[in-house]
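>>> sequence plus predicted model, see below.
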Amino acid sequence: MSQESINLTLRLVAVPLSGGLVLGLAPMLWGRGYFESADIFLVSFVIGVFLSSVVGLPLVLMIDRFFGAFRWRYVLGGLVCAIVIFILLDAPIMPKDWHLWGDFEFWGRRHVARKLILFSAIGLVAGGVYSGMVSAINKFFPKYVD
């Protein structure tokens, strides 16, 4: 394998790994009494790996192609990925439910704004973790070798 293909493979593996680590550690850090149990980490890790594989991998490939020169591209990509996951999981996206976007009941009582902030925070942290992983991968397996 060439150095460039190793770099690409490791970067593609790092996407679900970063999402799984952040989503796996989130309930352990914010919850009460979850720090002792490894099963909540494992379940959250698997969910994070699945969601970041389905949504994150195509998004990272698009970000690398179109925003390659932008320094904070992965952090903002993590934010966009989290918002897309929020829309897919919790937002009313069916045409018969579109009226809920302007309803106070939707934003107030269902705590949608709080959920959106939580999803965004997790996405920003996952983007930061992925940026660190990419930096380490590029250091040990450079993309372009002379």
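Received it, and whenever you're ready, just let me know what you need. Numbering: from 1, shown residues only.
>>> so for the helix or strand of the chain with the lowest mean pLDDT, what gets flagged as buried?
Lowest by mean pLDDT, DSSP states H and E among the helices and strands of the chain is helix 104-108, with a mean of 71. Residues of helix 104-108 classed as buried by neighbour count (16 or more other CB atoms under 10 Å): residue 106. The way it works is simple: take the backbone N, C-alpha and C, and place the C-beta from them, glycine included.
>>> contacts for it, please.
92, 100, 112-113 (CB atoms under 8 Å, 6 or more residues apart in numbering).
>>> CA atoms only for stretch 38-54, dumped as PDB, please.
What follows is stretch 38-54, C-alpha atoms only, in PDB (Å, rounded to 0.1, in the frame of the first residue of the first chain):
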ATOM      1  CA  ALA A  38     -18.900   0.000  30.800                       C
ATOM      2  CA  ASP A  39     -22.100  -1.200  29.200                       C
ATOM      3  CA  ILE A  40     -23.500   2.300  28.700                       C
ATOM      4  CA  PHE A  41     -20.200   3.300  27.100                       C
ATOM      5  CA  LEU A  42     -20.300   0.300  24.800                       C
ATOM      6  CA  VAL A  43     -23.900   0.900  23.700                       C
ATOM      7  CA  SER A  44     -23.300   4.600  23.200                       C
ATOM      8  CA  PHE A  45     -20.100   3.900  21.300                       C
ATOM      9  CA  VAL A  46     -21.800   1.500  18.900                       C
ATOM     10  CA  ILE A  47     -24.600   4.100  18.300                       C
ATOM     11  CA  GLY A  48     -22.000   6.800  17.700                       C
ATOM     12  CA  VAL A  49     -20.000   4.600  15.300                       C
ATOM     13  CA  PHE A  50     -23.200   3.800  13.300                       C
ATOM     14  CA  LEU A  51     -24.400   7.400  13.200                       C
ATOM     15  CA  SER A  52     -21.000   8.900  12.300                       C
ATOM     16  CA  SER A  53     -20.500   6.200   9.600                       C
ATOM     17  CA  VAL A  54     -23.800   6.900   8.000                       C
END
